[in-house]
Structure formats: C-alpha cells, structure tokens
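J.: No letters, just coordinates:
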C-alpha cells in the first residue's frame, strides 16, 4: 500500500498539496491516492495520534490533532515571544553584515550548522530567503525590512562599524 | 497518556528538541516524557507509518521513515554531500560508537590533530559539540540527529554491531 | 571555497599512524613489532620527503613515531640494547594505537556503505502560515554589537596549536639519531665508522647522522639474514664487513 509513502511525503512537504501533485510525485493513479488517504485517515483515527490528515476539497496536508489545539496555540504564542538567544543573534548579525549570504557561508563563519536557526529566523520574519542568483538550486538570506525598521537603522550601512566588520568577515570567507 | 500531545508537539516544532524542553512546555515530568516517547516509538513501529521518532541521548525529532528514502530523495532539492573521505569517516565512526568523546581522545586514536575535520563535521551538522559534563572548560563531541538520519537509523543502538564495537573501542582507548 | 582547503589538508595528510598503517597494510602484514621493524626504513624515507612547510608542525609527531620504530628495530637486532620502562610502554602503546586505528577503519567502511542509502528526512518547509514579523526583546543594536564581537572572536585562528597525544615529543631527527647512535655503540661495544663514513659520503652533514643509523640498522638486518659476515678484532676496532658468498654456504 501507499499509505506509508503518502504520510512520509506529506510530512516532508510540510505544506498543503493537491491529489494531483501526490499522484504525480508518487507515480500512482489518483484513485490509488484517494484510497491510500482514506486508509491513512482510518489509521490515524484508530490510534490516538497527535498528527492528523487535514483535507479540504482536493488539498491535503498533515496537521496537529484538534485535541491538542490549546497546547499548540500556547506554544505558537510563546515561540514568537521568546528571546532569540546568543546563537540566533550571532546568525542574525552575520546576515545583517554579510547578507545576501548562503547558508554554507554562514555555517563556515560560525563553524556549526545553522539549519534550524535559519528556519526560526525565517518564521519570525527577521530574515528572508530568496533564490541564489548565482546558483538557483540554493538560497541566500537577507535581513528583512521589518528587522531594519525595528533596529531603527534606515540603511544597512548605519549598523555599528559596518565597514570594518563586513571587511573582516568577507576576508575570512574568502580565506585570506 | 501524553503520546498524542508529544507527537503533536514534535510535529509542531519540526526541529530537534530535548526531553527537558518537552517536559517544560507540556508541563509533565521527564519520566512521563520518557515513558510517552517509548509508547510513541512502539506505536510507530507497530503500524506501517511514514513517520519515525529519531533519538540520540535526550534529543528527539520526527523524520520520514527510512523505507521511503528513495521517494523523498527524488523530491529534495538539497543534494546530500556523499563524499565523506577517509578522515571524516574515521572521526565519525569514533564519535558514533564512543560519543560523547573529547577531542584529545579522538586525536589519540587517529594519531593526528582532528581540529579541522571536527570543524568541518560541525559545519556540515553531522556532529555537535557540547560542554564536557566532567570538565566544563572543555568540550565533548556527539553524533547529531542529522548524522543518524543520514545513516537511516532512528537510534544509535541500530548501528551495525553497536554493543561489541563500542566495547572493543573503549578497551583500545582506555588501554585495557 | 575555504571549506575545501580544510578537507584537502586533512584528507591528504592524516598523520604518522595513518602512514604507518598504510605501509603495513600494503605489505599485507599483521600489526606487531616484527612488521613495524620491517617498515621502518620506508617510514624514515617518508619523513625525509616531508618538506611541505604546511606540515612542518606535523613533522614532530612523525619524528616521535620514527624514534619508537627505530628503537624497535634496533632492539630486534641488538638484544643487548637496553630499553627503559617508559620506552617499552611507548612501543606497546604504538602497537595498540595502530590496532585501534585499523579497527576503526574497518568499522568506518560499514558506516560509509550505509551513509546516505536510506535517509530519514526532516520535516520539509517551514510553516509559512505563521511567518509573521515577531521580533524578540533581545534584538537591539547593543546586542547586535555584542554578537558581532562574539562572531569575530570565534572565527577560527589560522594557526592552531598542535597538541601532541601522549607520546613524548622529540625535538628533531638529529637529536633522536644522536641519542640512538650512542646507545647502539654502547650496545655493540664497538664502532663502525668506516661503514658509516662510506654511506654518509656526499650527504648533507645535517642528515649524515640519520644515514649512519639507518644504514647501520640495515647492515645489522643483513647480518641477521646471514647475508654478510661482520667481525671485530677488539673493542673499539673497526668492524670488518665481508659478504657471504654462495659457495661458502
């Protein structure tokens, strides 16, 4: 059966997809998709799951179980209010002084993997992610306008010691 | 039971979380978290699920089932750097079977300074560096959840011959 | 990119144990003192060719291993050579470390075979629906300024210190050779100046000592294999070297 594949697929996608897309990506017929989705829904309801299938018309996604909505609402609020912490501030700083910048360069400067921090900064609207003009398979990160406004700098060069810090980081990246 | 809440929580977070964080956010004891995680793991393995629980030490996340790897690989944009190289593989092996481990022990086994390779592995997110519990001026290295997921194991004990290899290595390191 | 230079540095150059293990594996030998003494000359040659300035620092650890190897070889050829307790420990520890590394290599092949074959993937995209501007209290110019300092402070230094794992470091090949020569001479109660002079002829005086010791060890090897006949009339006399011809056997 295709239920396992579909559940993994929806989980990996993390955003609503249509039956047509699933059918295309899994290379199975739409009928098979519909059957598997019904099967998956049954499985979810039989066991006391935290994850459920959310369907509207032919658009499908995975979501948290309605019984957990109180928890999730609280978490969402807390998450958005929580302090960034040192590592996230450092990452944000690098993007401020060196953006647009790729993740691998950020990782290189910090010496650690920044995957989840970037996700968090994106979710909070502090940075934005666009296709890398020099390589469209990857992305570059830039500070959001909201962030600059929030910091009270009208242009990026107004950040403290912008020139020097920028030069030092650039030199490091280029390996001098 | 708290399995439903925990599954929803992990799904909502979408990134590795610690038992301590779960305990704090869900307002339940650590023991209750551990019990619920075991229950969740059992539930995942009994039904043919597309989602698995990945754990190392007290860090937990959800991921796609390794059996769906071929499908998801065709969808992912980020190419996995497969070329690990001899020294990276050696270092990872030592950390996988002996982590948490200090750099000096890794250096001793390899007979060479591992600073660069460790930094490289940190940057790639394959290992993590944490304060040494026995001496907080120094650090120890552990496998990251990403490393486990790239190896397709949901917990460290699923590595080939985990027990025996670990014991043998330990004997080598401690010089009997 | 910069990261690649790190990989090159570490990949192409993996230290003395790596070199030693490769030499033993190339000959399909087991790790023990016999095989270690067999690859000693090749190892010494490797050090001599180790000229790249980037690796000068690594050279110390090579010399440390070389001195243990020469000791093993000298002792196997000259049972009268006295070895301190600490040296015995070094020898045993080297053997053990090589076996450990060999073991790790074996396992790392399995890890390599498994890596990237069946991947567990993370949850994909970030949840776009909650992407709203939500700055935290700790985002301020002052904190950004502090973060800048931390970032710059944590940038890796280009010239890391070399910690030397447990084996005592030897200052230079020359020093090591000097000590060993004295000890060997004491052990055989004799000299071999002529032989040494002839082999060291034309060599850089700095390297002469090294040639003497290595050549002498080679000479002793030949004695052991009954390839040559060595005699010495009296203490401190010249060592007389004759080759053993076939018809004499």
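T.: Now that the structure is in, tell me what you want to look at. Treat the numbers as computed from the prediction; the structure is a model and nothing was measured. Residues are numbered from 1 along each chain as shown, chains lettered A, B, ... in the order given.
J.: Just the buried positions in the one helix or strand residue C:22 maps to, please.
T.: Take DSSP states H and E as the rule and residue C:22 turns out to sit in helix C:15-26. Neighbour counts over helix C:15-26 (16 or more other Cβ atoms under 10 Å in any protein chain shown) mark C:15-21, C:23-24 as buried. From N, CA and C alone the C-beta is placed, and that goes for glycine too.
J.: what about chain A, any weak spots by pLDDT?
T.: A:1, A:176 (pLDDT under 70).
J.: Do you have the helices of it handy? List them.
T.: Under the criterion DSSP state H, chain A contains helices at A:3-13, A:19-26, A:30-46, A:69-81, A:86-98, A:103-110, A:115-123, A:145-151, A:162-173.
J.: Centre-most residue in chain A?
T.: Per Cα atoms, centre = their mean, the C-alpha nearest to the average position across chain A is that of residue A:119, at 4.1 Å.
J.: Hmm, residue B:15 and that residue touching each other?
T.: Yes - under the criterion of Cβ atoms under 8 Å, residue A:119 makes contact with residue B:15 at 6.7 Å.
J.: And the strands in chain C, which stretches?
T.: C:228-231, C:240-243 (DSSP state E).
J.: what's around residue A:23, how many residues?
T.: 16 (other Cβ atoms under 10 Å in any protein chain shown).
J.: show me the contacts for it.
T.: Shown in contact with residue A:23 (Cβ atoms under 8 Å, 6 or more residues apart in numbering or on different chains): A:29-30, A:32-33.
J.: what's the longest helix in chain C?
T.: helix C:85-114.
J.: re the thing from before, got a markdown table for the buried residues of helix C:15-26, with pLDDT too?
T.: Compiled in a markdown table, those are given as follows (pLDDT from 0 to 100):
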| residue | pLDDT |
| --- | --- |
| C:15 | 82 |
| C:16 | 87 |
| C:17 | 90 |
| C:18 | 88 |
| C:19 | 87 |
| C:20 | 90 |
| C:21 | 90 |
| C:23 | 89 |
| C:24 | 91 |
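J.: closest to chain A among those?
T.: Nearest to chain A out of the buried residues of helix C:15-26 is residue C:15 (Cβ to the nearest Cβ; 22.0 Å).
J.: Check which residues of stretch C:23-39 are buried.
T.: C:23-24, C:31, C:33, C:35-39.
J.: In helices, which of the residues you listed appear?
T.: Mapping the buried residues of stretch C:23-39 onto helices (DSSP H) picks out C:23-24, C:33, C:35-38.
J.: how much space between residue C:14 and residue C:42?
T.: 17 Å (Cβ to Cβ, to the nearest Å).
J.: And those two? Which one has more around it.
T.: Between residue C:14 and residue C:42, counting by other Cβ under 10 Å, residue C:14 is the more crowded of the two (23 against 15).
J.: from what I can see that one touches residue B:110, true?
T.: Yes - proximity of residue C:14 to residue B:110 meets the contact threshold set by Cβ under 8 Å, at 7.2 Å.
J.: any common contacting residues for those two?
T.: residue B:87.
J.: So, low pLDDT: which residues of chain C?
T.: For chain C (pLDDT under 70), the answer is C:1-13, C:50-58, C:125-131, C:157-182, C:184-249.
J.: Please, where are all the helices along it?
T.: Using DSSP H, helices in chain C cover C:2-12, C:15-26, C:33-38, C:40-48, C:56-77, C:85-114, C:141-154, C:173-188, C:193-200, C:205-224.
J.: ok, back up a step: of the buried residues of stretch C:23-39, which is the nearest to residue A:80?
T.: residue C:31 (58.4 Å; Cβ to Cβ).
J.: And the residue nearest to residue C:143 when sequence neighbours are not counted, how close does it get to chain B?
T.: Leaving out its chain neighbours, the residue that sits closest to residue C:143 by Cβ to Cβ, 6 or more residues apart in numbering or on different chains is residue A:89, at 5.8 Å. Distance of residue A:89 to chain B, computed by Cβ to the nearest Cβ, to the nearest Å: 18 Å.
J.: Likewise for residue A:154?
T.: Counting by Cβ to the nearest Cβ - residue A:154 and chain B are separated by 34 Å.
J.: so how many other residues sit close to that residue?
T.: 9.
J.: Show the contacting residues for it.
T.: So residue A:154 contacts residue A:148 (Cβ under 8 Å, 6+ apart).
J.: and the gap between it and residue B:126?
T.: Distance from residue A:154 to residue B:126, by Cβ to Cβ: 41 Å.
J.: same check, this time on residue A:150
T.: On the measure of Cβ to Cβ, residue A:150 and residue B:126 end up 35 Å apart.
J.: Same drill for those two, tell me which one is more crowded.
T.: Ranked by neighbour count (other Cβ under 10 Å), residue A:150 and residue B:126 place residue B:126 first, with 24 against 15.
J.: With adjacent residues omitted, what lies nearest to the more buried one?
T.: In space, residue B:126 is closest to residue B:147, 4.5 Å off (Cβ to Cβ, 6+ apart).
J.: The one you found: neighbour count?
T.: So residue B:147, with other Cβ under 10 Å, has 24 neighbours.
J.: Thought residue B:122 was touching it, still the case?
T.: No - the pair residue B:147 / residue B:122 is not scored as a contact, 11.2 Å apart, by Cβ under 8 Å.
J.: related to what we said a few turns ago, okay if I get the buried residues of helix C:15-26 as JSON lines plus distance to residue B:5?
T.: Output for those, formatted as JSON lines (distance: Cβ to Cβ, whole Å):
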{"residue": "C:15", "distance to residue B:5": "50"}
{"residue": "C:16", "distance to residue B:5": "54"}
{"residue": "C:17", "distance to residue B:5": "50"}
{"residue": "C:18", "distance to residue B:5": "50"}
{"residue": "C:19", "distance to residue B:5": "55"}
{"residue": "C:20", "distance to residue B:5": "56"}
{"residue": "C:21", "distance to residue B:5": "52"}
{"residue": "C:23", "distance to residue B:5": "59"}
{"residue": "C:24", "distance to residue B:5": "57"}
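J.: From residue A:23, how far off is residue A:33?
T.: 5 Å.
J.: can you check residue A:37 too?
T.: 11 Å.
J.: same thing with residue C:81?
T.: 79 Å.
J.: Could you check how many residues crowd around the residue nearest to residue A:67 when sequence neighbours are not counted?
T.: In space, and not counting its chain neighbours, residue A:67 is closest to residue B:4: 6.7 Å by Cβ to Cβ, 6+ apart. Residue B:4: 21 surrounding residues under other Cβ under 10 Å.
J.: what's near enough to touch residue B:4?
T.: Per Cβ under 8 Å, 6+ apart, neighbours of residue B:4: A:48-50, A:65, A:67-68.
J.: repeat that with 10 Å
T.: The contact partners of residue B:4, taken as Cβ atoms under 10 Å, 6 or more residues apart in numbering or on different chains, are A:47-51, A:64-65, A:67-68, A:71, B:36, B:40, B:43.
J.: Residue C:117 now?
T.: B:66, B:69-70, B:73, B:82, B:150-152.
J.: Keep those, but drop any that are not near chain A.
T.: B:66, B:69-70 (Cβ under 10 Å from any Cβ of the partner chain).
J.: mind checking how far the lengthiest strand in chain A is from the chain centre?
T.: Using DSSP E to define each element, chain A has its longest strand at strand A:135-143. Relative to the chain's own centre, strand A:135-143 is displaced by 13 Å; criterion: Cα atoms, centre = their mean, to the nearest Å.
J.: now swap in stretch A:90-107 and tell me
T.: 16 Å.
J.: Buried members of the contacts of residue B:4 into ChimeraX, please.
T.: To isolate the buried members of the contacts of residue B:4 in ChimeraX, using 16+ other Cβ under 10 Å:
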select /A:49,50,51,64,65,68,71 /B:36,40,43
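J.: quick revisit: tell me the one among the buried residues of stretch C:23-39 nearest to residue B:140.
T.: Distances from residue B:140 to the buried residues of stretch C:23-39, taken by Cβ to Cβ, are shortest for residue C:31, at 28.7 Å.
J.: show me what contacts the closest one?
T.: C:20-21, C:24-25, C:94-102.
J.: Kindly report the same for residue C:118.
T.: Here residue C:118 is in contact with B:65-70, B:73, B:149-153 (Cβ under 10 Å, 6+ apart).
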